[in-house]
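Participant: Sequence first, predicted model second:
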Amino acid sequence: MSHTSPVFDVVIIGAGAAGLFCAGQAGQRGLKVLLIDHAEKVAEKIRISGGGRCNFTNRDLDPAAPHKHFVGQNPQFCRSALSRYTPADFIALVQKHGIAFHEKHKGQLFADRSAEDIIAMLLAECAAGQVTHWQPCAVKKIMFLASSAYPSSATSYQIDTDRGPVQARSLVIATGGLSIPKIGATDFGYRLAQQFNIPLVERRPGLVPLTFDGAGWAPYAQLAGLALPVQISTGAKKTRMAFDEDLLFTHRGLSGPAVLQISSYWQEGTPLAINLAPTVDLPAALAQGKARSRKLIANELATLVPSRLADAWAQREADWQRPINEASDKALARLAEQLARWELTPTGTEGYKKAEVTLGGVDTKALSQQTMECKTQPGLYFIGEVVDVTGWLGGYNFQWAWASAAACAQALPPAGH
């Protein structure tokens, strides 16, 4: 084995949220770190997140109950990492770097100025850890070199890159998921897992707009651009999940926070139930309208829900296209019922191009929840979105990136051992 190729304590592949954070933390522990990414720029996903302001964590996260805000085959897996590196820890780092931030709602924290401030902070942390950074640089091949002498051997992985081969004792995969391929997402992490026989959980787009077939959606396509607060739910009994968030109508279907949230729980072929007026007692309001008004139903309805929605809804039945005082009680009851429980079944999603995250990934059963190291492959770690842990919208996925990166960085064997 030639020793001309450079040797690092750890090579981290993927310079997104998890990879950058892990590199900085490991470097500051005194490890010799190489961070590699195939894209031109670091952290594109941070750059575009939160409308360019980066929703970097969520104050409401409860590390003792990860199943409240995370999905995957075993949401409890992330408890250890989340409890050791909390939102308060990341907030302290943001404050140390003098970055102003604000809470939008529901615990969601955003940088006041720009996501670029968060990226600059992560790069400064890497600089403080003297991290070597190769970018753009593609990884061509990875080989495991360790003999039975492990763990005493100094090097265990050879990584062939565009800039030549390197060797490392530890290898961290922080390559993210399949979401938003136009900013460089690939299946590299999943392919590498397969190379080392690490099991994968089936992947699908998460936090993604939902679509409906053209003909079925035609009556609602005219509502594109309309947003309103709703309660949205899917599943029955124990599997039922509901969110109170804003809904956005699109030309092809539904989006907005309500739909992105529910998409992680929605199973193909199952319906959604949407209450389009969650804060209104519709039967009472319509009965009062009937008693005192001669306006068209659509006009009365427009005092309770957005007028475009009221108009589109009244079009659905002849019984609803008349003055409210001439409508039968039955027709008004049906109108109230359908607005409060609009049932519809999506035909699909907008796919990875519009998905904010990827559901599924490296099976948590294969990893140590304390260290993120593979149980069957010494020195190989997976962190961040590549793992089968997906958070809610609102800063939870970034907090998982920071926490899993910190758990890994603390667990990496010290330099020279």
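Facilitator: It's in.
Participant: which residues in the stretch 251-400 of the chain form helices?
Facilitator: Across the stretch 251-400 of the chain, reading from the start of the chain, the helices by DSSP state H, counting those that start in this stretch fall at 257-263, 282-292, 297-301, 307-314, 329-340, 396-411.
Participant: in the chain, which helix or strand is least confident?
Facilitator: Sorted by mean pLDDT, DSSP states H and E, the helices and strands of the chain end with helix 214-221, the least confident at a mean of 89.
Participant: okay, which residue is most central for the protein?
Facilitator: What sits nearest the mean C-alpha location of the chain, by Cα atoms, centre = their mean, is residue 357, with 4.0 Å.
Participant: could you give the angle of the helix or strand just after the least confident helix or strand of the chain to helix 329-340?
Facilitator: Scanning forward in sequence from helix 214-221 by DSSP states H and E, the next helix or strand is strand 227-234. Interaxial angle, strand 227-234 versus helix 329-340 (axes from the mean of the first three to the mean of the last three Cα atoms, to 10 degrees): 90 degrees.
Participant: and strand 227-234, how far from the chain's centre?
Facilitator: 19 Å (Cα atoms, centre = their mean, to the nearest Å).
Participant: Please spell out which residues along that strand are buried.
Facilitator: Taking 16 or more other Cβ atoms under 10 Å as the basis for neighbour counts, the residues of strand 227-234 that come out buried are 228-234. Glycine gets a C-beta too; all of them are placed from N, C-alpha and C.
Participant: about what we covered before: residue 160 is nearest to which of the helices of the stretch 251-400 of the chain?
Facilitator: Counting by Cβ to Cβ, residue 160 lies closest to helix 396-411 out of these; the figure is 22.9 Å.
Participant: Which positions within that closest one qualify as buried?
Facilitator: Buried residues in helix 396-411, defined by neighbour count with 16+ other Cβ under 10 Å: 396-410.
Participant: still on that earlier bit, quick one, phi psi at the closest residue to the residue nearest to the centre of the chain other than its chain neighbours?
Facilitator: Ranked by Cβ to Cβ, 6 or more residues apart in numbering and with sequence neighbours excluded, the top spatial neighbour of residue 357 is residue 206, at 4.4 Å. Backbone torsions for residue 206, taken as degrees, to the nearest 10, come to phi -130, psi 160.
Participant: and residue 206, how many residues sit next to it?
Facilitator: Summarising burial for residue 206: neighbours were counted as other Cβ atoms under 10 Å, giving 28.
Participant: Model confidence score at it, please.
Facilitator: Reported pLDDT at residue 206 in the predicted model: 97.
Participant: same question, residue 152
Facilitator: Residue 152 carries a pLDDT value of 49.
Participant: tell me the contacts of residue 341?
Facilitator: The neighbours of residue 341, taking Cβ atoms under 8 Å, 6 or more residues apart in numbering as the test, are 273-275.
Participant: Next up, the contacts around the residue located most distally from the centre of the chain.
Facilitator: Seen from the C-alpha centroid of the chain, the residue lying at the greatest distance (Cα atoms, centre = their mean) is residue 326, 49.1 Å away. By Cβ under 8 Å, 6+ apart, no residues touch residue 326.
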